[in-house]
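K.L.:
Whatever this is, show me its structure:
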Amino acid sequence: MKKAVAAAALAAVAVCGLSACSSPALSTEDTCLELRAIVADFPNSEPADEVLADIGKQFNDLARKSSDTLKDDIRTAGKVISAGPDGGEPTEDDRKALDRLDESCNLSSVR
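P.N.:
Residues are numbered from 1 along each chain as shown. Below you'll find the model as predicted:
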């Protein structure tokens, strides 16, 4: 029985070591630095749908490793950006998430 538990524990550690659980979340400060870099590269003109999809993917990729305090808001921003202008107006909750990101990371000063 003890050998089975030990084997299961080792298997869990091995799987965790090969997956995202081995990477600690970024600090809020580091998350904001990466987010500001993404926003700084945002095109000044209306970007094509492919560009919006790529930027949305960058947001979603960052959300996977971001601090817990910003994770959901970054995912929301990625969803809104990926939807583009044809995705309709952001909801009130979407706007609140975007405002929280701006407030937390001072994104409006990047543009």
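
K.L.:
now the helix or strand hosting residue 33, how far from the chain's geometric center?
P.N.:
Using DSSP states H and E, residue 33 falls within helix 28-40. Relative to its chain's centre, helix 28-40 lies at 10 Å (CA atoms, centre = their mean, to the nearest Å).

K.L.:
which helices and strands sit right next to it?
P.N.:
Secondary-structure packing of helix 28-40 (3 or more CB pairs under 8 Å, 6 or more residues apart in numbering; DSSP states H and E): helix 49-65, helix 68-83, helix 92-105. C-beta: built from backbone N, CA, C; applies to glycine.

K.L.:
Can you tell me, leaving aside adjacent residues, what's nearest to residue 72?
P.N.:
Nearest residue to residue 72, sequence neighbours excluded (CB to CB, 6 or more residues apart in numbering): residue 97, at 7.1 Å.

K.L.:
I would like the residues contacting stretch 46-59, please.
P.N.:
35, 38, 42-43, 74-75, 77-79, 81-86 (CB atoms under 8 Å, 6 or more residues apart in numbering).

K.L.:
got it, and stretch 90-102?
P.N.:
35, 70, 72, 73, 74, 76, 77, 79, 80, 107, 108.
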